[in-house]
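# sequence plus predicted model, see below.
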Amino acid sequence: MAKPKFFTPEPKMPTPEEHRTASLSWLRRVQPTLIDQWPADLAALSMPTTMVKIDVPAVWDGLCAGHDGKGIAAPLVALAAELDAAMGWNRKFVRLNSRSPKDAIWPFEVPATLSGKEAVSMLTGSMRVMDDLLEFRYVPEQPAYVCLRDWVYGFNTADEYRGFVKDRKLIAVTHYDYIHPWAGPADGGKALRSEIEQWFTSALLPVLHVDTVVFDIHVGRDSILLIEINPYGLSDPCHFGDYESVENARGYVEFAKPDALAA
């Protein structure tokens with residue numbers, strides 16, 4: 001019988017050795033930005049954070065085991081209880097030391113809670129988190145943590161910005177909020193960029209342990225708060241669209257394009 005013209009080849013899963021090689025490559029790019037790797041002076045620019053170490057093999061096996069008819073797998077129950085104790089019934093923003101579960105927060109606006117069970121539900125419902133946990137599984141020399149970050153009251157996502165640093169120079173800044181796009185202030189962001197530049201030069205740059213990176217900040221009425229740092233080239237360029245535009249930025253701050261505002 002002749003082979004069909006179009007067919008799907010048999011999938012070939014990577015060996016553990018191949019997966020570890022890929023995960024080590026991933027780790028080399030992201031490790032300097034992991035929250036547990038931040039120098040103390042850098043962490044002082046951000047909100048206080050409690051880190052709970054994850055037993056990645058146990059949690060992963062529990063996830064793969066699924067629901068056994070008697071309840072959620074024991075490692076997940078144990079993690080939820082540990083998070084409950086660490087939260088102390090205080091609202092926390094929940095994320096891994098690598099990324100947040102912002103793709104699994106519905107019906108919530110942000111991944112924040114005061115419940116350990118709800119935190120585990122957010123984390124295990126996130127493809128971003130699951131991707132990273134699988135990477136952590138193959139590089140056990142780098143621990144994975146649930147980071148419980150103090151909730152900042154008055155935090156407005158409309159005041160969140162992303163800066164791009166290349167060779168220790170701030171080359172571009174973009175407004176972050178996709179949900180409520182904004183054309184920007186009348187001066188095109190000139191005063192805002194000046195404020196961010198001053199903060200970057202005086203506060204962030206002296207304690208920054210990586211030369212090329214992306215940082216997220218909240219620009220408040222009286223101060224700037226560091227939210228996180230992320231790998232350059234892997235992080236969303238937001239309103240720039242791509243890194244070529246980031247590296248050729250000419251304006252003060254990039255805001256939503258007219259077609260995005262019309263959508």
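Good, I have the coordinates. Note that the structure is predicted; figures quoted are calculated from it, not measured. Numbers count the residues shown, from 1 in each chain.

# assign a three-state SS to T174, would you?
What DSSP: H, G, I helix; E, B strand; the rest coil gives for T174 is strand.

# which residues does it bridge with?
For T174, the beta-bridge partners are R162, E254 (DSSP bridges).

# all the strands of this structure, in order from the start?
49-53, 92-96, 112-113, 145-150, 160-166, 169-175, 213-219, 224-230 (DSSP state E).

# okay, the ones you listed, which one's buried deepest?
Among these, the stretch with the highest mean neighbour count (mean count of other CB atoms under 10 Å) is strand 92-96, at a mean of 24. To be clear about C-beta, it is placed using only N, CA and C from the backbone, and glycine gets the same treatment.

# thinking again about what came up before, quick one, which of the strands of the chain gets closest to P11.
Nearest to P11, of all those, is strand 92-96, at 27.5 Å by CB to CB.

# the closest one pairs with which strands, parallel or anti?
strand 112-113 (antiparallel), strand 145-150 (antiparallel).

# per-residue confidence averaged over that strand?
Averaging pLDDT along strand 92-96 gives 97.

# for it, give me every contacting residue.
The contact list for strand 92-96 (CB atoms under 8 Å, 6 or more residues apart in numbering) reads 47, 50, 83, 100-101, 110-114, 119, 122-123, 129, 132-133, 144-151.

# cool, and stretch 39-52?
Contact with stretch 39-52 is made by 35-36, 38, 79, 82-83, 86, 92-93, 97, 145-150, 152, 203-204, 206-209, 225-229, as judged by CB under 8 Å, 6+ apart.

# what do you get if the cut-off is 6 Å, keeping everything else the same?
With contact meaning CB atoms under 6 Å, 6 or more residues apart in numbering, stretch 39-52 is reached by 82, 86, 145-150, 152, 207, 209, 226.

# can you tell me which of those residues lies nearest to H218?
Comparing these against H218 with CB to CB places V152 closest, at 7.4 Å.

# what about the closest one, distance to P206?
Note on V152: its distance to P206, by CB to CB, to the nearest Å, is 23 Å.

# between these two, which is the more surrounded one?
A direct count of neighbours by other CB atoms under 10 Å for V152 and P206 places V152 higher, at 15 against 9.
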